[in-house]
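1. What follows is a predicted protein model with its sequence.
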Amino acid sequence: MFNKDRWREIFETIGKNKLRTFLSGFTVALGIFIFIILFGLGNGLKNTFQEFFLDDASNAIYIFPGKTSLPYKGFKANRRIDFENEDLEDIKLNFPMFTEHVTPRITRSALTRYKSQSNSYTTRAVAPGYQFIEKTILMKGRYINQTDLKSKTKHAVIGRLVAKDLFKTEDPRGKYIDIGSTVFKVIGVFQDDGGDNEERFIYIPFTTRQLIEKSNDKVGEIIVTFPKELGHPGAMAFESSLKKYFKDKKSIDPSDPNGIFFRNQTDNLKQTQQFAVVLQLIVSFVGLGTLIAGIIGISNIMVFVVKERTKELGIRKALGATPRSVIEMILQESVFITTLSGYFGLFSGIVVLKNVGLRLEDYFIKNPFIDFGTAFSATIVLIIFGAIAGYIPAKRASRIKPIVALRDE
Amino acid sequence: MIQIKNLHKSYKMGSSSLHVLKGINFEVEEGELVAIMGSSGSGKSTLLNILGMLDGADEGEYILDEVPIKNLNETKAAKYRNKFLGFVFQSFNLINYKSALENVALPLYYQGIQRKERQSLALDYLERVGLKDWATHLPSELSGGQKQRVAIARAMASRPKVLLADEPTGALDTKTSYEVMDLIQKINDEGKTILVVTHEPDIAQMCKRVVQLKDGIIIKDEKVDQVLASENVQ
């Protein structure tokens, strides 16, 4: 394929037919450029969406205690339901296949003080598994662990903004803070993608909270995560068996709508996933559409180019060009132009995406990008179709008898 | 050099077919300068196209330089054209984006000759047609006569056995026509076999032999006293 003379011939042809070269090159470059921009923006939209909706774990069931509204089994209505430590163990024992993490959540608000700085923060008393439910990211130190639970240590993990408010530039780790008149040692600082409010929480072991509150065994709410593989129907089934189990255990009328409440994140998950699928479809459709438009564009140009060159090809054939050499010449030229301009469009698209990317966050487009593989294959596809689009008219032109090609004039 | 026996050719025009050549027999010796004459529709261009392997015959024999020309596929025809034949057309058919030199060098490119050699050979031929100084000019910058001379240089460059000229003076005025015929006569004097299709009697008189075609058959084939074109150029 590499023939210095032929390349020279092609370069001469390209150089002396600038408009034609520009037209076909521009079509390809523009096609790829638009493809990359649209695909990138689509991905950016998807990113924003995921950030909005997928902050917390979606494979979780939240169980809240309430008050009964119906009398049942000799109990009066309006009875307060509480969860205890034993309930946590029972979930693990009864549904081993369906549970990943089981954690309580006892929420209290308290004045928190460090030296002269103080503010009111919400403290959540949890088990280690809670980190996965909130998707908490630790910046410094560690999260609450099993040892903390067992020894009921007075350890606290504070949010980024708590650290900023109380400690300013100091490293909070190892420092002692006063939460509602109990002194806790800070063992870690976290951040959370869920926004500022999420970063104003303080996490402590739930056993410590129970100890402070006169050694009770109340656990507030219970949050259970299940394996993602369960899917939507599995999660719904799991939820209804949990409901049945707890209503039975806590002696609540099965038809009582209050008593305990369930919030299943999987409903959200299903909706968000459907929405994500739709978004992905739109992005792919737009990308595919642009690509097809590009292919049609390059095909038109190729038909035009070959038509325009019919006479020249006739002359070349009369002078001894074989059909094969005619086809090869046209193909080599078109592949050369499409490759060059395709990659030009590819890189300029990526550069533009990179540069405008950060400024678009206000328009719900975050971090627009296109992975290099997709961009690369799109370019290859366009080159291949450009070659096919060139091959068909080139083949026909090579079959035209020279006299026919030379006749028109 | 050329032997043709019982050559037939017809073109399909929808349901009917047009019988253009109805059994042509003739021979051309090496070094001859033959004019093929006839009114339009007599089949002279068809005959030339078949001789030039630009078109195939329906029936008959065609032997060129002892090589039987038959059952040609496109690739083989292209190779034979490149090796045996040089073409000169009425409308010159130069490639308009290539300079005179590049046009002349093009058949050499298809012969696989290296670029440097191609260029020097092409320049030689341009010099022989008196256009060395115009080598870098595009066809659009040349006059009709100059274009035809470039086309003749191009036809000669591949060192063909036979030169086929289809109305080479058809698009030129009388003076320029005679200059072009002068060139053709000179090339013939060097021993090249040349066939010229024309409908102009004065041009035919400048050849050594005239073949008259009418309705697809040869009605006259005679040697003539050659008129030297140079004598008519003032």
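-> Noted; the coordinates are in hand.

2. For the residue nearest to A:Ala321 when sequence neighbours are not counted, give me its contacts.
-> In space, and not counting its chain neighbours, A:Ala321 is closest to B:Tyr110: 5.4 Å by Cβ to Cβ, 6 or more residues apart in numbering or on different chains. (Glycine included, C-beta is placed from N, CA and C.) Applying Cβ atoms under 8 Å, 6 or more residues apart in numbering or on different chains, we find B:Tyr110 in contact with A:Arg316, A:Leu319, A:Gly320, A:Ala321, A:Thr322, A:Ser325, B:Ala78, B:Asn82.

3. Can you tell me which of those end up in helices?
-> A:Arg316, A:Ser325, B:Ala78, B:Asn82 (DSSP state H).

4. quick one: the strands in chain B?
-> If DSSP state E is used as the criterion, the strands of chain B fall at B:2-13, B:16-28, B:33-37, B:59-64, B:67-68, B:85-88, B:162-166, B:193-197, B:209-214, B:217-223.

5. let me fix that: chain A
-> Under DSSP E, chain A gives strands at A:60-65, A:101-114, A:117-126, A:137-141, A:155-159, A:176-179, A:182-191, A:201-205, A:221-225, A:260-264.

6. A:Thr169 is nearest to which of the strands of chain B?
-> A:Thr169 sits nearest to strand B:85-88 of all those, at 88.8 Å, using Cβ to Cβ.

7. can you pull the buried residues of the closest one?
-> Neighbour-count burial for strand B:85-88, counted by 16 or more other Cβ atoms under 10 Å in any protein chain shown, picks out B:Leu85, B:Gly86, B:Phe87, B:Val88.

8. Across the sheet, point out what pairs with the last one.
-> If I follow you right, that is B:Val88. Beta bridges link B:Val88 to B:Ala165, judged by DSSP bridges.

9. what's near enough to touch it?
-> B:Gln148, B:Ala151, B:Ile152, B:Ala155, B:Leu163, B:Leu164, B:Ala165, B:Asp166, B:Pro168.

10. Just the pLDDT for it.
-> pLDDT for B:Val88: 89.

11. just the first one next, same as before
-> Turning to B:Leu85, the model gives it a pLDDT of 89.

12. Grab the nearest non-local neighbour of it.
-> Using Cβ to Cβ, 6+ apart, the nearest residue to B:Leu85 is B:Pro160, at 5.0 Å.

13. got the contact list for that neighbour?
-> B:Lys83, B:Phe84, B:Leu85, B:Gly86, B:Lys192.

14. Kindly indicate which of the residues you listed lies nearest chain A.
-> B:Lys83 (7.5 Å; Cβ to the nearest Cβ).

15. List, one by one, the residues from chain A near chain B.
-> A:5, A:8-9, A:12-13, A:16-17, A:311-312, A:314-325, A:398-399, A:401-403, A:406, A:409 (Cβ under 8 Å from any Cβ of the partner chain).

16. same thing but at 6 Å, please
-> A:5, A:16, A:312, A:315, A:318-323, A:402-403, A:406, A:409 (Cβ under 6 Å from any Cβ of the partner chain).

17. okay if I get the residues you listed as TSV plus pLDDT and neighbour count?
-> Shown next, in TSV, are the residues of chain A next to chain B (pLDDT from 0 to 100; neighbours: other Cβ atoms under 10 Å in any protein chain shown):
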residue	pLDDT	neighbour count
A:Asp5	77	13
A:Lys16	80	16
A:Glu312	86	20
A:Ile315	87	26
A:Ala318	85	27
A:Leu319	86	27
A:Gly320	84	24
A:Ala321	86	25
A:Thr322	87	21
A:Pro323	87	20
A:Pro402	76	27
A:Ile403	71	18
A:Leu406	70	24
A:Glu409	48	10
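
18. that older thread, which one (most neighbours) among the ones in helices among the contacts of B:Tyr110?
-> B:Ala78 (26 neighbours; other Cβ atoms under 10 Å in any protein chain shown).

19. wait, what's in contact with that one?
-> A:Gly320, A:Thr322 (Cβ atoms under 6 Å, 6 or more residues apart in numbering or on different chains).

20. buried set for the lowest-mean-pLDDT helix or strand in chain B?
-> Every helix and strand in chain B was compared by mean pLDDT, DSSP states H and E; the lowest is helix B:229-232, with a mean of 79. Neighbour-count burial for helix B:229-232, counted by 16+ other Cβ under 10 Å, picks out B:Ala229, B:Asn232.

21. what's that helix packed up against?
-> helix B:174-189 (3 or more Cβ pairs under 6 Å, 6 or more residues apart in numbering or on different chains; DSSP states H and E).

22. Any buried residues in the helix it packs on, and which?
-> B:Thr176, B:Ser177, B:Tyr178, B:Glu179, B:Val180, B:Met181, B:Asp182, B:Leu183, B:Ile184, B:Gln185, B:Ile187, B:Asn188.

23. ok, the last one - contacts?
-> Contacts were defined as Cβ under 6 Å, 6+ apart; by that measure B:Asn188 touches B:Leu33, B:Ile194.

24. any idea which of the contacts of B:Val88 has the most stuff around it?
-> B:Gln148 (30 neighbours).

25. For that residue, which non-adjacent residue is closest in space?
-> Nearest to B:Gln148 is B:Val180, by Cβ to Cβ, 6+ apart, at 5.2 Å.

26. same check, this time on A:Ile202
-> Using Cβ to Cβ, 6+ apart, the closest residue to A:Ile202 is A:Thr123 (4.7 Å).

27. Quick check: bridge partners of that neighbour?
-> A:Arg108, A:Ile202.

28. That one and A:Glu213: what is the separation?
-> 12 Å (Cβ to Cβ, to the nearest Å).

29. What separation is there between the residue of chain B found nearest chain A and A:Pro368?
-> Nearest to chain A in chain B, going by Cβ to the nearest Cβ, is B:Asn82, at a distance of 2.4 Å. Separation of B:Asn82 from A:Pro368 (Cβ to Cβ) stands at 56 Å.

30. any low-confidence regions in chain B?
-> B:233-234 (pLDDT under 70).

31. interface residues of it facing chain A?
-> Counting by Cβ under 6 Å from any Cβ, chain B sits next to chain A at B:49, B:54-55, B:74-75, B:78, B:81-82, B:87, B:91, B:93, B:95, B:97, B:106-107, B:110, B:115.

32. try it again with 8 Å
-> Counting by Cβ under 8 Å from any Cβ, chain B sits next to chain A at B:49, B:52, B:54-55, B:74-75, B:78-79, B:81-83, B:87, B:89, B:91, B:93-95, B:97-98, B:102, B:106-107, B:109-111, B:114-115, B:154, B:158.

33. which of those residues are buried?
-> For these, buried by 16+ other Cβ under 10 Å: B:49, B:52, B:54-55, B:74, B:78-79, B:81-83, B:87, B:89, B:91, B:93-95, B:97-98, B:102, B:106-107, B:109-111, B:154, B:158.

34. if I pick the one residue sitting closest to the centre of chain B, what's in contact with it?
-> By Cα atoms, centre = their mean, chain B has its centre lying nearest to B:Leu164, at 1.7 Å. Applying Cβ under 8 Å, 6+ apart, we find B:Leu164 in contact with B:Leu48, B:Leu51, B:Gly52, B:Leu85, B:Gly86, B:Phe87, B:Val88, B:Ile194, B:Leu195, B:Val197.
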